[in-house]
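>>> need a structure here:
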Amino acid sequence: MKNKKYKILVLADLKESTKATLNSAVGLAKMIDGEIELFHVKRATDLVDRESQLSAIRNINEQYRVVDKKIKGLLKPLPKDNNLKIKHKYATGNVKEEIENYINEVKPDVLVLGKKKRKVLSFVGDKITDFVLKTFKGEIVIVSNENALEPNKELSLGVLNGIDSSLNTLLAENLIGNSKKAIKSFKIGATHVKDTSNAISENKTVEYIFEDGPNAVKTISNYIAKSDVNLLCLDRSYSNTKSLNYAKDVINNVNVSLLVS
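Just a heads-up that it's a prediction; the model follows:
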């Protein structure tokens with residue numbers, strides 16, 4: 001187990017789904033002893049009036065006040081027990097550059113972001129999920145708005161292909177310790193994967209095997225939705241001959257929250 005607090009960075013667009021994303025971050029923080037920071041970026045071009053520099057400055061200052069009030073409104077109803085710390089920061093500029101710079105500055109252990117209705121979340125049009133997967137090599141939690149992690153709900157873990165690589169991390173071991181239910185292993189094809197984590201071997205694992213094919217991920221998605229899993233673990237490096245964009249395919253089709261390692 002990890003002695004220091006995990007740094008959890010929430011990337012938020014401040015839309016309706018942010019409530020579910022924050023709730024999931026709180027649930028995660030309570031399970032792994034973490035502290036949360038919320039980061040929001042707005043494109044500078046959305047704020048600047050090219051006809052008047054003074055008007056642009058006024059608009060930027062006003063937006064800071066509006067965004068700060070909105071963030072505080074989102075944070076206010078969240079549980080404050082267990083000395084949970086939630087900080088927030090707002091920036092304007094190039095969205096991807098600001099996110100990358102802030103990740104490098106904060107050095108989070110875990111990134112948390114959301115998605116909506118099987119479509120990858122985007123900040124004002126930019127595919128931030130794709131960008132984060134390529135840029136951040138640590139663990140990422142992608143929250144499903146319909147199946148978010150609830151702070152006081154029992155954790156039910158699933159893993160898609162490769163239990164040893166997906167769950168053999170410090171974060172996963174912390175999560176396994178918070179789950180009393182059997183780990184559900186979903187595999188495409190009948191290839192056996194040897195478990196190497198002690199934490200995994202102490203938990204009962206139920207295995208489901210699905211035939212390989214172009215619709216395998218969608219078939220698994222439908223099954224996972226009915227299997228009581230609320231966090232599916234995924235090794236982003238895994239790929240098979242039929243799916244070079246494996247992680248993206250899973251993110252777009254599986255309608256539960258994901259832990260991408």
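>>> In the stretch 51-200 of the chain, mark out all the strands, start to finish.
86-92, 110-115, 139-144, 157-160, 183-188 (DSSP state E, counting those that start in this stretch).
>>> partner strands of the second one, parallel or antiparallel?
The partner list of strand 110-115 in its sheet, established with DSSP bridges, is strand 6-11 (parallel), strand 139-144 (parallel).
>>> Counting neighbours, which bits of it end up buried?
Neighbour-count burial for strand 110-115, counted by 16 or more other C-beta atoms under 10 Å, picks out V110, L111, V112, L113, G114, K115. Yep, even glycine has a C-beta here, placed from its N, CA and C like the rest.
>>> low-confidence ranges in this structure?
1-4, 45-57, 60, 79-83, 116-126, 162-168, 190-203, 238-246 (pLDDT under 70).
>>> where exactly do the helices run in it?
For the chain, the helices defined by DSSP state H cover 18-32, 53-75, 95-106, 128-135, 163-167, 170-177, 198-201, 216-224, 246-253.
>>> Indicate which one of those helices is closest to Y208.
Nearest to Y208 among the helices of the chain is helix 216-224; the distance by C-beta to C-beta comes to 6.9 Å.
>>> what angle separates the closest one from helix 246-253?
50 degrees (axes from the mean of the first three to the mean of the last three C-alpha atoms, to 10 degrees).
>>> How about residues contacting helix 216-224?
Applying C-beta atoms under 8 Å, 6 or more residues apart in numbering, the external contacts of helix 216-224 come out as 158, 160, 186, 188, 208, 210, 232, 242-243, 249-250, 253-256.
>>> List buried residues within those residues.
158, 160, 186, 188, 210, 232, 243, 249-250, 253-256.
>>> and of the residues you listed, the nearest to E150?
V256 (12.5 Å).
>>> Leaving out chain neighbours, which residue sits closest to the closest one?
Closest residue in space to V256, ignoring its immediate chain neighbours: N147 at 4.4 Å, by C-beta to C-beta, 6 or more residues apart in numbering.
>>> Isn't that neighbour up against S257?
Yes: in this structure, N147 is within contact of S257 by C-beta atoms under 8 Å, at 6.1 Å.
>>> Please tell me how far A29 sits from I71.
Applying C-beta to C-beta, to the nearest Å, the value for A29 to I71 is 17 Å.
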